[in-house]
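Asker: Next one to model:
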Amino acid sequence: MKFKNLLLMLTVFASTLVTAQDADECKRYQAIAGNAYKAKEYKKVTRSYVIAHKECEGLDMVFYNPFVYSVKRSMKSAESEETEKAYLDTLIQVYEWAQEEHGDQPDWKSYQAYSYLKQGKPGNMKKADRAYQIGIHHDAEEVNKGFLKQYYANLYNLWVQAKDKDKKAGYKKRLISEYFKLSDYASKGDMGASTIDFLSKYMSRVVRNCEDLLPEISLFMDELPQEKATKKSTVKNFMSLLEDKGCTGSDEYAMLVDTIIAIDPSTDAVLAKAKLQMAQGDVNDAIQTFEKAKNMSSDADQKSDIELEIANAYYRAGRFKSAHNAGLGVSGKNSSKGYSIAAKSVNAMMNQCGVSTFDRKANNYYAVELAQKAGNNALVQRFKKQCPTSSDIFNQDMEEGDEVTLSCWGKTFKVKAY
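Answerer: From the prediction side, this is the model:
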């Protein structure tokens, strides 16, 4: 046999031997890791799977779940912060290896995102965002509320840091649309009001006007949950958001009001209808609707709120006599505010009540009295300044202590100069 052919055969044999040895090492370390896992020796599992991954040039998916679990357990029992960071690096590497070889694993994605943010390396915020987008929406209402909050806060921080105009606009659009989706998950997952409040806090920093918000409302109205309680909760959240941004005069708000009344014609729904009518300038109908809501309510505090709304509605409409009467009719917790509206109404009508300057100014004696009942010192001082002066009293041929009757109110007061 020629020397050249012999060398070729030896080379092939040696290559085969190395390959066989590699395969043996691959299986051996897989077996070591498996036995260590049964014995709950998680650090040994981690070391063995790292070697097995190298020897096997990758692992079947079945090996990755115990690999990930073992790294997590090892990280929890790490002796030092430095060791813990090393295990965290390993955990992230394992997540990436597995998904490079076998595709995205939605069940892992939120944990992977959390790990990126905990690691805190440059670029990890964007990596976490991509992972969270898959994980959060995969888990939906079963998502860990801590992950949900972190996802939204991280998205907000990406928006804050974005310099490119188009990227910033893209993040803003996502913050708005994700707010509604995440709020829905929070409601369905019974995550508590604090979770919704957390989302709303960040949302309010992003959305400054109705133009930002209204297009998204229309889109999400087509995707409302069908279950009655959840649908009602979602619609009420949308309504609160629009009310907070002063969008109650919009067609979208009207659509939400009609939806909530159709779902459940409760006192809150009727009140929303009244507020919509006020926003649209339909004061008469709004007051009638407020009265309807008041008759529906059995809660004293809510009745007081509605009575105050009615008094304010009359006042804003310039119907000061009715506002005065409604203000005096406010009961319970808002009674002092009702007196303030009554006082302002009397003051607003002074030029229509009385023939002389003295007569008109004298109306403020009553306004002062009502402001005092309200405990509103600012109004008291304001209206005292508008009462008749010493000159007005003298020119009217009167003295302090004389009495004057107010033609519009049928009230009699002793004349005095403040």
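
Asker: List the buried residues in stretch 34-43.
Answerer: Neighbour counts over stretch 34-43 (16 or more other C-beta atoms under 10 Å) mark Gly34, Ala36, Tyr37, Glu41, Tyr42, Lys43 as buried. (Glycine included, C-beta is placed from N, CA and C.)

Asker: Let's see which of those residues end up in helices.
Answerer: Gly34, Ala36, Tyr37, Tyr42, Lys43 (DSSP state H).

Asker: picking that back up, with the buried residues of stretch 34-43 in mind, which one is nearest to Ser183?
Answerer: Each of the buried residues of stretch 34-43 was scored against Ser183 by C-beta to C-beta, and Tyr42 proved nearest at 38.4 Å.

Asker: separation between that closest one and Ala153?
Answerer: As defined by C-beta to C-beta, to the nearest Å, Tyr42 lies at a distance of 31 Å from Ala153.

Asker: got CSV for the ones in helices among the buried residues of stretch 34-43, with distance to Ala293 too?
Answerer: Output for these, formatted as CSV (distance: C-beta to C-beta, whole Å):
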residue, distance to Ala293
Gly34, 68
Ala36, 68
Tyr37, 64
Tyr42, 61
Lys43, 65
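
Asker: The nearest residue in space to Lys361 that is not next to it in sequence sits in which helix or strand?
Answerer: Nearest non-adjacent residue to Lys361, counting by C-beta to C-beta, 6 or more residues apart in numbering: Pro388, 4.6 Å away. For Pro388, there is no host helix or strand (DSSP states H and E).

Asker: ok, now the one 4 residues further on?
Answerer: Taking DSSP H and E as the criterion, the element that holds Asp392 is helix 390-395.

Asker: Contacts for that helix next, please.
Answerer: Thr357, Phe358, Lys361, Glu399, Glu400, Val415, Ala417 (C-beta atoms under 8 Å, 6 or more residues apart in numbering).

Asker: How about the contacts made by Glu25?
Answerer: Counting by C-beta under 8 Å, 6+ apart, Glu25 has contacts Ile51, Glu55.

Asker: any idea how far it is from Glu101?
Answerer: For Glu25 relative to Glu101 (C-beta to C-beta), the value is 19 Å.

Asker: shaky segments in the chain?
Answerer: Scanning the chain for pLDDT under 70 picks out 1-23, 223, 225, 230.

Asker: that older thread, flag every buried residue along the next helix or strand after the helix holding Asp392.
Answerer: Helices and strands here follow DSSP H and E; after helix 390-395, the next one along the chain is strand 403-406. Under the neighbour-count criterion of 16+ other C-beta under 10 Å, strand 403-406 has Val404, Leu406 buried.

Asker: So in that sheet, which strands flank the helix or strand that comes right after strand 403-406, and in what orientation?
Answerer: As assigned by DSSP H and E, the chain's next helix or strand after strand 403-406 is strand 411-414. Strand 411-414 sits in its sheet next to strand 403-406 (antiparallel), going by DSSP bridges.

Asker: Just to check, Thr113 is in contact with Met125?
Answerer: If you look again at residue 113, you'll see it is Ala, not Thr. No: assessed by C-beta atoms under 8 Å, Ala113 is found out of contact with Met125, at 9.8 Å.

Asker: In the chain, which residue is most central in space?
Answerer: Ser200 (1.6 Å; C-alpha atoms, centre = their mean).

Asker: how deep is Pro122 tucked in, by neighbour count?
Answerer: Other residues near Pro122 number 6, with proximity taken as other C-beta atoms under 10 Å.

Asker: next one: Gln386
Answerer: Neighbours of Gln386 (other C-beta under 10 Å): 16.

Asker: Verify the stated contact: it with Tyr366.
Answerer: No: counting by C-beta under 8 Å, Gln386 does not reach Tyr366; the two are 11.6 Å apart.

Asker: any idea whether Lys163 is helix, strand or coil?
Answerer: Counting by DSSP: H, G, I helix; E, B strand; the rest coil, the backbone at Lys163 sits in coil.

Asker: who touches it in this structure?
Answerer: Lys163 makes contact with no residue, according to C-beta under 8 Å, 6+ apart.

Asker: Please shift the residue numbers so they start at 629 in all later answers.
Answerer: With the count now opening at 629, the last piece we talked about shows up as Lys791.

Asker: circling back to that earlier point, pull the most distant pair out of the buried residues of stretch 662-671.
Answerer: Among the buried residues of stretch 662-671, Gly662 and Lys671 lie farthest apart (C-beta to C-beta), at 15.0 Å.

Asker: can you count the residues close to Met977?
Answerer: Residues near Met977, counting by other C-beta under 10 Å, number 20.

Asker: these two touch, right, it and Gly946?
Answerer: No: with contacts counted by C-beta under 8 Å, Met977 stays clear of Gly946, the gap being 9.9 Å.
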